[in-house]
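Give me coordinates for this.
(chains A, B and C)
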Amino acid sequence: MLRFVLRRLILLVPVLFGLTVMMFIIARLLPGDPVGLAAGPNATAEEIAAYARDFGLDQPVTVQYWRYLTGLLQGDLGVSIFSRRPVLDDLIAYLPATLELVFAAMALAVVIGIPCGLAAAVWRNRWPDYASRVSALAAISMPRFFLGLLLQLTFAMWLFWLPLGGRFPIILEPPPTVTGFLTLDALFAGDWQAFVTACRHLALPAIAMCLSPLATIMRMMRASTIEVLQQDYVMTARALGLSPRLIVFKYVAKNAVSATLTVIGLYFGWLLGGTVLVETVFDWPGLGLYATQAIVSQDFMPVIGVALVIGLLFMLVNLLVDVLYGVINPKVRYA
Amino acid sequence: MTEMTESARAYAFRRGWFRFRQSSLSMLGAVLVLAILVLAVIGPWIAPYPEHIVGGVDTANRFQSPSLAHPFGTNELGQDVFSLVLAGTRISVLAGLGVVLIGTIVGTLAGALAGFFGGWADEVLMRLADLKLTVPGLILAMAVAAALGPGLMNMIIAIALSWWPGYARLVRGEVIARKEEVYVTAARAIGASPSRVLFRHVLPNIVSPIVVKMSLDMGFAILTVASLGFIGIGVRPPTPEWGTLLSVSRSYMPDFWWTAVFPGLAMFVAIFGFNLLGDGLRDVLDPRARR
Amino acid sequence: MALLEIRNLHLAMRSFDGEAHVLNGIELAVERRQVWGLVGETGCGKSLTGLSCSRLVPTPPGRYLQGEIRFDGQDLLAMPDAQVAALRGTRIGMIFQDPTTNLNPAFRIGTQLVDVALAAARRKPEVLGGGGRQAAERLAVQMLDKVGIPNAAERMGDYPHQFSGGMRQRVLIAMALIGRPDLLIADEPTTALDVSVQAQILRLMRSMVDEFDMGVVMITHNLGVVAQSCTHVAVMYAGNIVESGPVRDVLMAPRHPYTRALMQAIPTRDTPRGGLQGLAGSVPNLITPPPGCRFAPRCALATDTCRAATPPLTGASHRVACIHAETVDA
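The predicted model follows:
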């Protein structure tokens, strides 16, 4: 078990290395003029050259990459041309907001999606099944940014129930940082008012984010439940007099959840990337918004940094899922 | 011999069509997709205000709410939103088709070669595909699109670049599975060349999962195109792309909501149609996913 | 009154190609302490007959056209669902073919046994003597011990994949018997096992019959299994029971042409090289079955009368459904 985890952790290194190479290729070999953009439209040739020198952009690509790689080993992810701050500092500042959003969305998706999928499978081909299948497909088809806009329009602009965007009002004092998650920090500080405020800001973006993973988890759960229901051991359990409730909630649910778990892991990575649009709509100060601003201004150090962080998180979550899978399903051996 | 396989195929088709028709949702998807494809072809010609599509403005009629003359209202430049949305269909369908076709062709070739011959080609390909899995496709597409600059073609290339590994993976897995089937072994035993085995015996048998994935991906590709437009990297105005329309009209939202809601709805309907169709096709064509 | 009595049972199953008439007038009566072997080739309806005894055939696609399944005098087909469900486990037990797929891989076998025992005790308190979970655990260990699992108490915490195939089938037998059923349906209980293990399992089941005072219906396609461990046998062909009676009578003096053909397909020590005979032709299509005797198309003795009407099962204890039964020398 420990060896399995260690081996997987070591395997992360070449993938992360490949990631930097790929992002560097995109950043440096494709046409584009980041320095010109950063220096502004009125900059003279000398100014642009000075800019390029400052950021090492006058060097050959291989030299730039070597510098980046040696820096990376010392925890230096380069400097953002635009914000002029070290990328690492920016990442540390923006990451918790994204994670909080992703965790909130994922929690909603799992808590609603798994029971719905189970119900759809049990009532297969009857109205709860049809209703949930159509709404799942509709949810997957709904562009997140459009849903975000609709939510804003309805709940923030017309009904005035929830804030339009942002993470916490600037005029208020945020709770002292412990985890970086405002909701949790507020709870730790015992500040009920701040907790409610943080939740109200989190609600709309989390709903906009959760819909598509919710639908996918539901569909996956439905499919795997149906598959499990057709297994021989379910027939045996029925033939030996176990009640349908016990069979579904204890026996079938456990088998079906372990199959759905993989999807949850995959979706986590997808959600991390998917925050880009929702963060843009809701002005949520996270990695997605940071990456978008960097990409639009062709400022590539932050983009590589974001890609690295998301890639690393994605792989760690998948590792966690594999370990969990082994706990739920005793037949899996860590080879 | 030929006759028998033909009739078996006809039987399978009849059976599949029967199953497909049984599902009213699949039929709805097929109708929606058909309507979208027709609109993509004739949309710009039947638009009530064709001059607005190519950038003409009518500042006297800014922000008209929906009416008979302007079913979806007018925007900040006085352009008819209905005409813009109609014309946007063609852009989205073209971009979606481009992405899916490029992804399919490149991915199928790469996956088939890797799966069929194995060895180092397989290694390289699979590592690339793994790499792609760890970077969110949208961020990758955004980075490439930003570097390449605005424009429909650049956007298609940028998205397709992050799209083909999905097909490569699918095809590789299927090819590896089919390679060991008895009919392939038999074809080899009677001396068929590798390329004949691959193109005559292996690939035709994996068309179904590819078609299903293409149909399901069409919706997703349209979504990605719109996403890039929404962020502001991608097709620039005056080209009427749904995501771009939405992004511009966002700032006029509470009062002039129609400028944002209708392009968004068009997007939703198009994606929903392709997803319904893809889902129905999968039920019919992919026996393993059948319930 | 027999423990189980199936009368004129007709079952149809719907499929894409049409509705197949899979059971065509099954007649069977099982008493306590009788072990009935139900034999026939794949698709003849023997498993569906077994599942019907606990009403486990899904409807739809299944549809009972007519007939009765009387258990202890009461017709299962006329009962409400809840009443049938109450019989499962406590009155009617079941064992299925493949021990690798019939235990839930994600739960310890102890958990599964205890749950079955608790479910049974809810309807039949004497199973646990009025006790609760602890009594159920004790009983589970006892049952595992009885079916021959060594170190039963320790193995309660093991998962199914930690047992061999034969051991898993023993666990399943323990599970089927833990509620003390009166009737046990065993669907090919030894088919998936090694030959050496088969004999052990059969001996085990045989010893349980007297101890639990139950009737058994053992479904199999292996006449050797029948000869070894059954008291009675019913031979099925394409949805009909064509011959039934005490094992000795039927196997020593088969009277139906199909039974005779089956017997000739078994190699013995005296069979000369090349002397083994198969049966020509194939099982009829059950969506459009041939009129009259369903075996007629493959039967050497068939006449026009055979093709006109289905022959009834006649006789006292050794019963046969063939108008030529008399001409076949006994």
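
Just the buried positions in whichever strand or helix holds residue A:65, please.
Residue A:65 is located in helix A:61-73, with elements delineated by DSSP states H and E. The neighbour-count check on helix A:61-73 (16 or more other Cβ atoms under 10 Å in any protein chain shown) flags A:64-65, A:68, A:72 as buried. (Each C-beta comes from the backbone N, C-alpha and C, glycine too.)

can you give me the helices in the chain?
I went with chain A, as the question did not name one. Counting by DSSP state H, one finds helices in chain A at the ranges A:2-29, A:34-39, A:45-54, A:61-73, A:87-122, A:127-141, A:144-151, A:182-188, A:192-229, A:232-239, A:244-246, A:253-282, A:287-296, A:300-328.

wrong chain, I was asking about chain B
B:2-22, B:24-46, B:50-53, B:81-117, B:119-134, B:137-148, B:152-161, B:164-179, B:182-189, B:194-196, B:207-231, B:242-249, B:258-285.

Go ahead and confirm residue C:290 touches residue C:309.
No: if you go by Cβ atoms under 8 Å, residue C:290 and residue C:309 don't touch, sitting 11.7 Å apart.

Just want to know which of those two has more residues nearby.
Shown here are residue C:290 and residue C:309; by other Cβ atoms under 10 Å in any protein chain shown, residue C:290 has more neighbours (15 against 11).

give me every residue that touches the more buried one.
Going by Cβ atoms under 8 Å, 6 or more residues apart in numbering or on different chains, residue C:290 touches C:284, C:296-297, C:307.

so which strand or helix has it?
With DSSP H and E as the test, residue C:290 turns up in no helix or strand.

next one: residue C:235
Going by DSSP H and E, residue C:235 is part of strand C:232-237.

how near is the residue of chain B found nearest chain C to residue C:16?
Nearest residue of chain B to chain C, counting by Cβ to the nearest Cβ: residue B:15, 6.5 Å away. Per Cβ to Cβ, to the nearest Å, residue B:15 is found 7 Å from residue C:16.

higher neighbour count, the two?
Legend: neighbour count by other Cβ under 10 Å for residue B:15 and residue C:16, higher for residue B:15 (13 against 7).

Please report the distance of the more buried one from residue B:280.
Taken as Cβ to Cβ, the span from residue B:15 to residue B:280 is 14 Å.

Contact residues of the stretch 151-291 of chain B facing chain A?
With Cβ under 8 Å from any Cβ of the partner chain as the criterion, the stretch 151-291 of chain B meets chain A at residues B:219, B:223, B:226-227, B:230-233, B:246, B:250, B:253-254, B:257, B:260-261, B:264, B:267-268, B:271-272, B:275-276, B:279, B:289, B:291.

ok, and the closest non-adjacent residue to residue C:113?
Among residues not flanking residue C:113 along the chain, residue C:140 sits closest, at 3.9 Å (Cβ to Cβ, 6 or more residues apart in numbering or on different chains).

before we move on, the earlier item: mind exporting the strand holding residue C:235 as CSV, just the C-alpha atoms?
Output of strand C:232-237 as CSV, limited to C-alpha atoms (Å, rounded to 0.1, in the frame of the first residue of the first chain):
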residue,chain,number,x,y,z
HIS,C,232,-36.2,-38.8,-8.6
VAL,C,233,-35.6,-37.4,-12.0
ALA,C,234,-37.6,-35.3,-14.5
VAL,C,235,-36.3,-35.0,-18.1
MET,C,236,-37.1,-31.8,-19.9
TYR,C,237,-37.1,-31.0,-23.6
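
would you say residue C:19 is within a strand?
Yes: counting by DSSP: H, G, I helix; E, B strand; the rest coil, one finds residue C:19 located in a strand.

Now residue C:39. Its backbone dihedrals?
phi -110, psi 160 (degrees, to the nearest 10).

can you pull the pLDDT of it?
Predicted confidence (pLDDT) for residue C:39: 91.

residues near it, how many?
Residues near residue C:39, counting by other Cβ under 10 Å: 25.

beta partners of it?
residue C:220, residue C:235 (DSSP bridges).
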